[in-house]
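**Q** Got a predicted structure here, sequence first:
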Amino acid sequence: MLSPRKNWLSGLFSKKSNHRAKLSRATSQRESSEQLEARILLSAVYHSLATSNFSQDWTNTGLITTSNDWSGVPSIEGFRGDNLTAVTGADPQTILVSDSPGVLSVIANQTTPNTNTSGAVAEFELANPVVAMQGSGTADAPYLQFYLDTTGRSNINVSYLVRDIDGSADNAAQQVALQYRVGATGTFTNVAAAYVADATSGGTATQTTSVSVTLPAGAANQSQLQLRVMTTNASGNDEWVGIDDIVISSDAAAAAPINLVLDYSFDANNFFDPNSANGAAARAALEAAASVFEARIFDSLDAIAPGGSNTWTAQFPNPATGANQDVVNLAIGANQIIVYAGGRDLTTPTLGEGGPGGWSASGNQAWFDAIEGRGETGALLAAGSEADFAPWGGAITFDTAGTTWNYGEAAPTSGQNDFFSVALHELAHLLGFGTAASFENLISGLSFTGSASAALFGSNPPVDPGLGHWQNAITSTLLGTGTTQQVAMGPSITVGTRKLFTELDFAGLNDLGWDVTAPAAPTLIKTEIGGTTVIEGGANDTITLSLTRTPNANVTVTLTPSNSQIDLGSGAGVAHAVTFTPASGLAPKTVTIAAVNDGLVEGNQTATITISTTSTDTPFNALTAVNVTANIIDNDFLGVVPGYTNDFATVAGAAGLGAGWTVYSADADTTNTWFAGTDAGNRLAEVNGFGDTAPANDWLISAPVNLNTTTGEVLKFDSYTRFTDSGTTSPAVRFRYSTNYSGVGDPTAATWTELPYTAPSITDPLTSSGNIDVSGINGTLVWFAFQYTSSGTTGSTSSQWRVDNFSVQPGTVAPAFAIAATDATKLEGNSGSAAFTFTVTRSGNTTGADSVDYTVTGAVSDGANAADFTGAALPAGTVNFADGEASKVITINVAGDATQEANEGFIVTLSNPTRSGTIGAAIANGSILDDDAPAPVVWINEIHYDNIGNDAGEFIELAGTAGANLTGWSIVLYNGGGGATYGSVISPTVTIDNESAGFGAVDFQLPANGLQNGDPDGLALVNNLGVVVEFLSYDGVFTATAGPANGMTSSNIGVSESNTTTVVGFSLQRKNTVPGTPGVWGGPFDDSPGTLNVFPGPSFEITALAAAKPEGTTGDTTTMTFTVTRSGDTSGANDVTYAVSGAAVDGANATDFFGAAFPSATLSFAAGESSKVVTIQVAGDVNIETDEGFIVTLSAPT
C-alpha cells in the first residue's frame, strides 16, 4: 500500500516595519498651527469612563481663577466659537464643522450675569455656581468641549441641566445643542434628542431644562471622544445659559465577535475567482473557516481611523506574488480584521502561508498605540512582556500548483488536500498563533506555558521545534462532540484527511490574548422566499435553512410534510434531508416546496412541514425551526357549475358566508371587513366602514365558478345600502371577476375586471342587480368579488352594504363524469376470477340519457397484462346512464392463478362523454395482490449408475428448497441411443429437509442396473405441472424423442464413472460451494446420498522464500523469490494475480525493479498443482540510500 504523503503548512509573520521611524512633519507653514492644536489638546486630559463616571457641578469655584485658563478643570474646555457661522440666530444643530484649534474662552470670577453683555464662556460665582455661555457678534457659537476615553464602554449617557441665569430684561430664543465626534479631527454629529429650542425666559432667571440622552453606538469604545454643548448668537438680546450638574456615565462594553473581512483585491492569479467553480467553492470554504473563529473569539478592538496628520501604511506580502505590498491609510472598523487572500505557486510541499501584517505610520504616540494596540493595553507592553495581540489584519495565500484541493463541504478523499483545514490553519496564524509576540513569550524550551492550554492538556503542551505549531502528534477534543483528533495547529496534515479546530487550538489563541468564549447555543434559521402558496403544476415556495454558527460534526436537517400532496425533493409526502458539514460554514441550504401535480381533484388543502435536526455535535442535535404552512391550490379543482346559488343561510365557509367564499381586508384595519349578518332573521353578507381605523378596502370573494361546462350563463344578486359616503363615487361596492386569482390571499395581486350592475338607492329594500351576462367569460375557475371601499372612518365617509341571493344560472348544463375505486385492491385467487369494482358518477345535468367509455390498461410499474383478466383480454366498455341516474358500478374480473409473481396494478380510464360532458377524475387505480407462494427451487444433485455390471446402491439425489413438497414430481430415464425413455422412474411423495441455510437433499434408491451406463444416457426432472426442470446426460449429448423432454437436447454433466477405475461407493456430484446453488458437476467422489454436497473452494497464501538481499550495482539484477501455495480444492485449474508495491516506510519505487516498473502477473495452477514460485527482479544502482522494502500482494483468485 502507498504511504500517505504529508504536506507542510508554514506560518508567515511580517514584523512591524519601523513604525515609529517615519514621524514625518508637514510644511513649515502648517507646523505652527499643529503645535498650537497640540498645546490645546494636551491641556485637556481624556477622562476614562472605564475608571469612573464623569461629573462636574462647578461648586468648587477654585477650579477657574484666571480668565482663559482651563488647566484646573479636568477634561473640559470652553471656546468662543468665532466664525463658526455668519448667521444670526443660527440653529446650533446645523453647525457641525470644527474651528480647531479654536479660541479658548472663560471669563473668570463673574457675579452679575444680568449686566454682563460679553459674548463668551464665563464662570459665575453665584449662590449656585455655574459656567455659562452667551453669543455675540464675535462669539458666533460659544461652546463647552468635553474630552472622554470610552474604551471598553458602551451606552454613553450624557445628562446636564440647562439653566437660565440671566434675570435682565433681555429675551431671545437661546438654542442649545449637543454634538460629538470620534477622535480629535473632523466634523461633529448632532444629537437631536438633546436639542433645547429656547433655554431662557426674559426677566425671571428661573427656567431650567433637564437633558439626558444616550449617545449613538458609534461613540462607544473609543479612545478619543469629544463632546460639545453649544449655543449661538441669537436674534435679539442674548442671555446667559448655564450648563450645570454634568454627569456622563456608561456601561461596560460587552466584547463583540471579531469580524474577519476577507479581501480578494490582490488575488491576481484568480485562485478565488467567483466566476469559476473552484474559485467560488474556495471562497465559500474560506468564509466557512472564518465563521469558525467569529463564533468563538470576542474582543473589543478599536477602529483604526486615519485623518489629518495621523496617517499610516499597512504592509503585508502580496498573496499573488509574495512581494511586499503597501496599502495607504486603510480605514478599519471596530473589531474588524482585514484578511487579504489569494494564491500563488508555493514551494512544494507548502500548502499555505499566513500571518499578521506590519505597518508604518506618521503622527503622534497615541496614534501609534491605536494602530499597534487597538485599545488592548496588553499588546503595548515592552518587548518580551506582550500579553495581548490586536492585529489590523494580514495576508494568507494558498498553493496554485502541484496541489489537488478538496474545496467541498464533505471531507476529502484519498489524494486530496483539504482546503477548509488549511484555511483554518492559516487564519489562526494571522490571528497570532505561532506569530504573535504574546504567543512567543509563552514558549519555554519546547513547551507552551499558556495557562488555558496547560489546564486543558493537563500539562504544558509540547510545540514543534519550529516553535510556531503544536507538536504534530498531540490530540484534543472537538467542542460538542467529544471526538478526539490531531490538533489543527500541528505543522502538517495528512493527505485525504480533514482537521477541524480543536479546543487546544482555541486555548492557544486564548493564551495569546484573544477572548475565546464558549459559543452561543446554535439555532436553525428558516426563511421563506416564495410565499406560502403552492399550486399544482405552478408556483412553488422556496425556503432557506441556515445555522447561526459552524458545527464540529455533520448536522442533518429533516423536513417532514404532513400531506402527501407536498414534494420537498425526495418524492410525494416523503421526508427530505439536507446536511450541513463543518465546512458548510454559515452558507444556507435551499429547499423547494412543490405541490404534487397529480391530476386528481382533492380541493385546496393545507400542509404542515416540520423541521428538525440530528447531529453528534450535541448542541446541534434536536434543533427545530418554526413549521412551514403551505397552502396547496388544486389545479384540478373544477369550480361550482352554473345552477349554483348562495343565499348565505348556512354557516359553512369563511365567517359563515358559505362554502368556498372568502373575505380579505386590503386596508390597514384588517379586523373589520365583510361578515355574516342578519336582517329580520334573514342571513346575508354585510360590511360597514363606520368605526374602522382606516379607509376601507374590503373584498368578499365567491367560490370559483366553472363557466366551461355551460353556455349562456347569467349571474345576479341582491344588494342594499344606507348612509352616503360623501368622499366616494357611488357605488361604494364594485362587482368584479378574475380568471387568474390564486384562490387565497391578497386579491389585489390578480387581474380583476369590473362588471356593471343595478345598484340600490339609499334606504331601498334589497335590490336586484339585474341579469348580468357572464356568457363571454371562460374558465374552469372564475372568481367573482364584491369590493367595498370607503373614503374615511366616520359616518359621513363610509356606508353600510348588504349582499344576498347570489346565483349563476346556465343556459345549457353539460354532465360531468368521474370515476373512483370502490373495491379495487384485493387478492387474485388461485383459480376462477375476483371482482374488482369501480363507481362512475354523473353530476351537473343528470336529466336525460348519457354514456361514457372506459378502458383498462396496465400500470406503468408492475402493470397487469391481458392474461391477468378473465378472457385473457384487457377489459373495455361503455357505462350508460338513464334519465336521473347519477352513478354506476363497473366490475373488472381478474383471473386467478397459482403463479408466484409481483403485485400488479391496472388503470381504468374514462373517455368520450356524451353531450359535451366533462370528465373530472378521469382515472382510478386497481391493485392485484398476489397470493401465491414462490415455486420451490429443485435440481438433480448426485447420481450413481451401474459402472461395473453388478454394482449395488444405484441412486439419484435431488436437492432444493427446504420444505418443498415433491408430490407430483417425477424423474424420467432416457436411453441416449434413440432418445426414448426406458423407465419412468420415480414419483416422489416426500418433502425436502432443511440441512443448511434453508436447503436440503433427498435421495431415491434404484435397483442394481436401474440406471444405464450407456454412451450416452440421461434423465429428466419434471415438476408437478409437467414442466421439465432439468434434462441432463452423461457420456455425451442426445435429443429426446419421447416423453416429457421430447424434442429437447440434453445438457452433458461432463463427468462419468469408469468401469475400470471407479471405486465402488463413489458417485457423480454437483459441487455446492455456496449452499442453495446447484454448483458444478464433478467426481467421481465418495458418495453421500441424501446429504448436500458442500466443497470448500481453493485458498492461496504467499510466503517469502529468498527476499532479503543486497540490490547490487548499476546493471545488476538480483532475484528475490516467493512461494505461493494453493490448498483446499486443488482438483481443478485456478488463477491468482500478484502485484508489487512500495512499503509504507522507506518504500521502493518503480525504478528499483527491472524494467523500471512495479512487477505484476497472473499465476495459473493446473489441476492437482499446489505451489508456484514467484520471481522478482530487483535493479541494482550506485545511489546511497536507506534499505527499501516492497510488498507482494495476491488478489483476484478464481
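**A** Yep, that arrived. Numbers count the residues shown, from 1 in each chain.
**Q** make it CA atoms for all contacts and neighbour counts henceforth
**A** Noted.
**Q** which of the residues in stretch 891-905 are buried?
**A** T891, I892, N893, V894, A895, G896, D897, N903, E904, G905 (16 or more other Cα atoms under 10 Å).
**Q** try stretch 331-348
**A** 332, 334-346.
**Q** What of stretch 681-695?
**A** So, applying 16+ other Cα under 10 Å, buried residues of stretch 681-695: R683, L684, A685, E686, V687, N688, G689, F690, D692, T693, A694, P695.
**Q** Compute the mean per-residue pLDDT across that stretch, please.
**A** The predicted model assigns stretch 681-695 a mean pLDDT of 84.
**Q** Kindly report the same for stretch 1020-1038.
**A** Mean predicted lDDT for stretch 1020-1038 stands at 90.
**Q** Centre of the chain to that stretch, how far?
**A** Distance, stretch centre to chain centre, for stretch 1020-1038: 62 Å (Cα atoms, centre = their mean, to the nearest Å).
**Q** distance between the ends of that stretch?
**A** End-to-end distance of stretch 1020-1038 (Cα to Cα, to the nearest Å): 12 Å.
**Q** now do stretch 963-973
**A** Terminal-residue distance, stretch 963-973 (Cα to Cα): 25 Å.
**Q** Could you count how many residues lie near A1106?
**A** 12 (other Cα atoms under 10 Å).
**Q** Verify the contact between it and M1120 for me.
**A** Yes - counting by Cα atoms under 8 Å, A1106 does reach M1120; the two are 5.5 Å apart.
**Q** ok so, going back, which members of the buried residues of stretch 331-348 occur in strands, if any?
**A** Those of the buried residues of stretch 331-348 mapping onto strands are Q336, I337, I338, V339, Y340, A341, G342, G343, R344, per DSSP state E.
**Q** Which pair in those has the greatest spatial separation?
**A** Q336 and R344 (25.6 Å; Cα to Cα).
**Q** before we move on, the earlier item: using JSON lines, lay out the buried residues of stretch 681-695 together with distance to S385.
**A** Below are those laid out as JSON lines (distance: Cα to Cα, whole Å):
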{"residue": "R683", "distance to S385": "88"}
{"residue": "L684", "distance to S385": "86"}
{"residue": "A685", "distance to S385": "83"}
{"residue": "E686", "distance to S385": "82"}
{"residue": "V687", "distance to S385": "80"}
{"residue": "N688", "distance to S385": "79"}
{"residue": "G689", "distance to S385": "77"}
{"residue": "F690", "distance to S385": "77"}
{"residue": "D692", "distance to S385": "72"}
{"residue": "T693", "distance to S385": "69"}
{"residue": "A694", "distance to S385": "69"}
{"residue": "P695", "distance to S385": "72"}
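**Q** which residues of the stretch 201-350 of the chain fall in helices?
**A** In the stretch 201-350 of the chain, the segments counted as helices under DSSP state H, counting those that start in this stretch are 277-296.
**Q** Identify the contacts common to A1106 and M1120.
**A** Common neighbours of A1106 and M1120 (criterion: Cα atoms under 8 Å, 6 or more residues apart in numbering): none identified.
**Q** Mind putting the buried residues of stretch 891-905 into CSV with pLDDT and distance to V808?
**A** Output for the buried residues of stretch 891-905, formatted as CSV (pLDDT from 0 to 100; distance: Cα to Cα, whole Å):
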residue, pLDDT, distance to V808
T891, 96, 37
I892, 96, 39
N893, 96, 43
V894, 95, 45
A895, 92, 49
G896, 90, 51
D897, 84, 55
N903, 90, 48
E904, 92, 46
G905, 94, 42
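**Q** List the ones among those residues that fall in strands.
**A** Per DSSP E, the subset of the buried residues of stretch 891-905 in strands is T891, I892, N893, V894, A895, E904, G905.
**Q** can you tell me how far the second one sits from V860?
**A** Just to be clear, that refers to I892. 19 Å.
**Q** do the same with the last one
**A** In this structure, G905 and V860 are 8 Å apart, going by Cα to Cα.
**Q** picking up where we left off before, which one of the buried residues of stretch 891-905 is nearest to A90?
**A** When the buried residues of stretch 891-905 are compared for distance to A90 (Cα to Cα), G905 comes out closest, at 89.3 Å.
**Q** Who is the spatially closest residue to that closest one that is not a sequence neighbour paired with across the strands?
**A** In this structure, G905 finds its nearest non-sequential neighbour in S927, 4.5 Å apart by Cα to Cα, 6 or more residues apart in numbering. Using DSSP bridges, the beta-bridge partners of S927 come out as T825, G905.
**Q** Could you do N631 as well?
**A** T533, T606.
**Q** count of residues packed around it?
**A** Neighbour count for N631, taken as other Cα under 10 Å: 20.
**Q** Return the residues in contact with it.
**A** Per Cα under 8 Å, 6+ apart, neighbours of N631: T532, T533, V534, N604, Q605, T606, A607.
**Q** Widest-spaced pair of these?
**A** Most distant of the contacts of N631, by Cα to Cα, are T532 and N604, 13.2 Å apart.
**Q** Can you get me a residue count around the nearest residue to T477 once chain neighbours are set aside?
**A** Nearest residue to T477 in three dimensions, chain neighbours excluded: T484, at 4.3 Å (Cα to Cα, 6+ apart). T484: 13 surrounding residues under other Cα under 10 Å.
**Q** Next, the contact list for T484, please.
**A** By Cα under 8 Å, 6+ apart, T484 lies in contact with T475, S476, T477, L478.
**Q** Please report how far L910 lies from D883.
**A** From L910 over to D883 (counting by Cα to Cα), the distance is 20 Å.
**Q** just I1191 next, same as before
**A** Counting by Cα to Cα, the gap from I1191 to D883 is 91 Å.
**Q** thinking again about what came up before, now, among the contacts of N631, which is nearest to P1197?
**A** Nearest member of the contacts of N631 to P1197, counting by Cα to Cα, is A607, at 56.7 Å.
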